[in-house]
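K.L.:
Need coordinates for the below:
(chains A and B)
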Amino acid sequence: MMTREQYFDSLRKLNLKVYMFGELVENPVDNPVIRPSLNSIGMTYELANQPEYEDLMTAASSLNGEKVNRFTHLHQSTDDLIKKVKMQRLLGQKTGACFQRCVGMDANNAVFSTTYEIDQAHGTKYHENFKKFLNDVQLKDLVVDGAMTDPKGDRSLAPSKQADPDMFMHVVERRPDGVVVRGAKAHQTGIVNSHEVLVMPTIAMRDDDKDYAISFSVPTDSEGIFMIYGRQSCDTRKMEEGADIDLGNKEFGGHEALVIFDNVFVPNERIFMNGEVEFAGMMVERFAGYHRQSYGGCKVGVGDVLIGATALAAEYNGAAKASHVKDKLIEMTHLNETLFSCGIACSCEGCPTKSGNYMIDLLLANVCKQNITRFPYEIVRLAEDIAGGLMVTMPSEKDYNTAELKPYIEKYLVGVDGVSVEDRMRILRLIENISLGTAAVGYRTESMHGAGSPQAQRIMISRQSNLEHKKVLAKNIANIKK
Amino acid sequence: MILGIKYCGGCNPAYDRVACVTDLKRYLSDLEILESVSFVPYDEKIQFDYCLLVRGCNRSCVSDRKFSNCRHFYAASGREDFIEIKTKMYAQMQIDLHAE
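P.N.:
From the prediction side, this is the model:
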């Protein structure tokens, strides 16, 4: 396994093409806007090398027997699925942000089982291709960006019916040694910090969509790939000098980017699906299922940080003993632990796929994610309630450090005796960061739309709900014969 | 004498596990026994004189059934468990040292 520093060095060797604020970024690794997101992934390496966390952070590989980072592991049991969720909670606690590596882990597990079943049906060699790829990922301890979401253009039209065929990733040229693809993937979490991108189709497809039923992996610095970095609320605070307090979370963050594939060559040995339209839906459903489970871990860890920050904010201004404050903290904890319960439950109810790796219970994973679309918003509302308006109205760190202003800020922003104004400002800025700053991308809107928007879960819940069985139960008890 | 330490994954610990282990080492050091003991990460392929399983809470994410390769086994699920572990471990180490 790599150390954190080795991981950073490995990224320096990539020749990534990243644009931000209209310019090509010369050195993404040391860019102040990008760096916090890199530090978050760095934590997945750091903890894996610490004995007090290795039980969650590492696993014995099913492919090569080596000790590997769990983020590259294929789940071999329900215990592995449970440990995955607990690992994600741990990382959320340690970073207070999105640590980006889950999407590759979820894609790996989905592609592994789907390629096995494609090969069974079609006699193809995708599963062997994928195993070779993943073995390499495990042994080199690489970060994989799982890329699913296409821009989709007119949502009422199938991929092959779009006015612009590039609205969905598709094959534009077939060669003896591979294919050339064109399209884009939106909202790509962690792509700038990834070594490889693992592309999957974004929806179930029909016969007309054969060119769009494509799954493959390529290095992120492949010819033809470039990224446009996503803006985040308050992002340029990271470029300001003397704004450590204002950042709320100076060290860690997350990122997303729009990734363009402008005629990218994919060699045959890196293709995992190529026209088998009937399996596109399976791959999407499995990836989405795993990723909906993931949120029952990562968001809970960030929630832990937010609850802690809120409790401190109450202590710092002397409101901690008020009964309504205590009750609101209990409600935040109740909501957060309910999310964790869903993540654990869908893991406990997991089962093996035909390929041998384990899949979560789809109904419970979708219930998990449906709650995620709601509860973090309520947790944030309660955090803002307790924190008070100061979290968005207080002066900047520069003002605080200006000689003629500091005495007034010290005088008027003081809370309880024994707590410095600076500490009070720091905790309020952390709440701001998670509630509506850079980390809110991960904690709020990603909770709504990441791993599929709320309606996507409701469709899955409807499909999995076994309503007919429930009707029979009711008829039996009501003594209805027909 | 070799002491193998196994931590649970630490997803939501109810106390500072590493601080408690550090405190245990300090305790053994004060009693001038620490230099006779090597603290190493637990490995199921190694035979240990003592093993210490440090769980962060009451859940059994790491089962204590794993530790058949340990002559003396101790498990903690909370800070208070270390009080008993310290005295028991020290007493056992004294016996083992004199036996040598």
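K.L.:
how many other residues sit next to the residue in the stretch 101-250 of chain A that chain B sits nearest to?
P.N.:
In the stretch 101-250 of chain A, the residue that lies nearest chain B is A:C102 (14.7 Å; Cβ to the nearest Cβ). (C-beta placed from N, C-alpha, C; glycine too.) Neighbour count for A:C102, taken as other Cβ atoms under 10 Å in any protein chain shown: 27.
K.L.:
before we move on, what about A:T445?
P.N.:
15.
K.L.:
Now do it against A:Q370, distance only.
P.N.:
16 Å (Cβ to Cβ, to the nearest Å).
K.L.:
how about the strands in the chain?
P.N.:
Since you didn't name a chain, this refers to chain A. A:18-20, A:23-24, A:58-60, A:67-69, A:144-147, A:170-175, A:178-185, A:196-199, A:214-219, A:225-229, A:257-267, A:271-274, A:351-352, A:358-359 (DSSP state E).
K.L.:
um, chain B though
P.N.:
Using DSSP E, strands in chain B cover B:2-7, B:38-41, B:48-54, B:70-76.
K.L.:
residues in contact with the second one?
P.N.:
For strand B:38-41, contacts defined as Cβ atoms under 8 Å, 6 or more residues apart in numbering or on different chains pick out A:51, A:54, B:1-6, B:25, B:46.
K.L.:
Let's see that with 10 Å instead.
P.N.:
Around strand B:38-41, the neighbours that count as contacts under Cβ atoms under 10 Å, 6 or more residues apart in numbering or on different chains are A:51-52, A:54, B:1-7, B:21, B:24-25, B:28, B:46, B:48-50, B:52.
K.L.:
quick one: buried residues of it?
P.N.:
The neighbour-count check on strand B:38-41 (16 or more other Cβ atoms under 10 Å in any protein chain shown) flags nothing as buried.
K.L.:
Which residue is the nearest non-sequential neighbour of the closest residue to chain B within the stretch 301-450 of chain A?
P.N.:
Closest contact between the stretch 301-450 of chain A and chain B, by Cβ to the nearest Cβ, is at A:D304 (7.4 Å). Among residues not flanking A:D304 along the chain, A:Q93 sits closest, at 5.1 Å (Cβ to Cβ, 6 or more residues apart in numbering or on different chains).
K.L.:
tell me the angle of the longest helix along chain B relative to strand B:48-54?
P.N.:
In chain B, with assignment by DSSP state H, the single longest helix is helix B:81-99. Going by axes from the mean of the first three to the mean of the last three Cα atoms, to 10 degrees, helix B:81-99 is angled at 170 degrees with respect to strand B:48-54.
K.L.:
burial of residue 54, as a residue count?
P.N.:
No chain in the question, so chain A it is. Neighbours of A:E54 (other Cβ under 10 Å): 21.
K.L.:
You answered for a different chain; I wanted chain B.
P.N.:
27.
K.L.:
And it, how far from chain A?
P.N.:
For B:V54, the distance to chain A equals 8 Å [Cβ to the nearest Cβ, to the nearest Å].
K.L.:
give me every residue that touches that residue.
P.N.:
A:51-52, B:5-8, B:10, B:13, B:15, B:17-18, B:20-21, B:24, B:42, B:62, B:74-77, B:81-82, B:85.
K.L.:
Those, buried ones only, as a ChimeraX selection?
P.N.:
In ChimeraX, a selection of the buried entries from those looks like this (16+ other Cβ under 10 Å):
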select /A:52 /B:5,6,7,8,10,13,15,17,20,21,24,42,62,74,75,76,77,81,82,85
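K.L.:
Would you mind finding the most buried of the strands of chain A?
P.N.:
strand A:144-147 (a mean of 28; mean count of other Cβ atoms under 10 Å in any protein chain shown).
K.L.:
Give the pairing partners of that strand; include direction for each.
P.N.:
strand A:196-199 (parallel) (DSSP bridges).
K.L.:
So A:M1 is in contact with A:Q50, correct?
P.N.:
No: contact criterion Cβ atoms under 10 Å: A:M1 and A:Q50 do not qualify, at 11.6 Å.
K.L.:
picking up where we left off before, correct me, but the residue of the stretch 101-250 of chain A closest to chain B touches A:G296?
P.N.:
No: A:C102 lies out of contact with A:G296 (Cβ under 10 Å); the separation is 11.2 Å.
K.L.:
Find the residues that touch each one of these two.
P.N.:
A:84, A:88.
K.L.:
that older thread, from A:A439, how far off is the residue nearest to A:D304?
P.N.:
Taking Cβ to Cβ, one finds A:Q93 at 13 Å from A:A439.
K.L.:
What of A:F287?
P.N.:
For A:F287, the distance to A:A439 - Cβ to Cβ - is 24 Å.
K.L.:
Having no further points to raise, I will conclude here.
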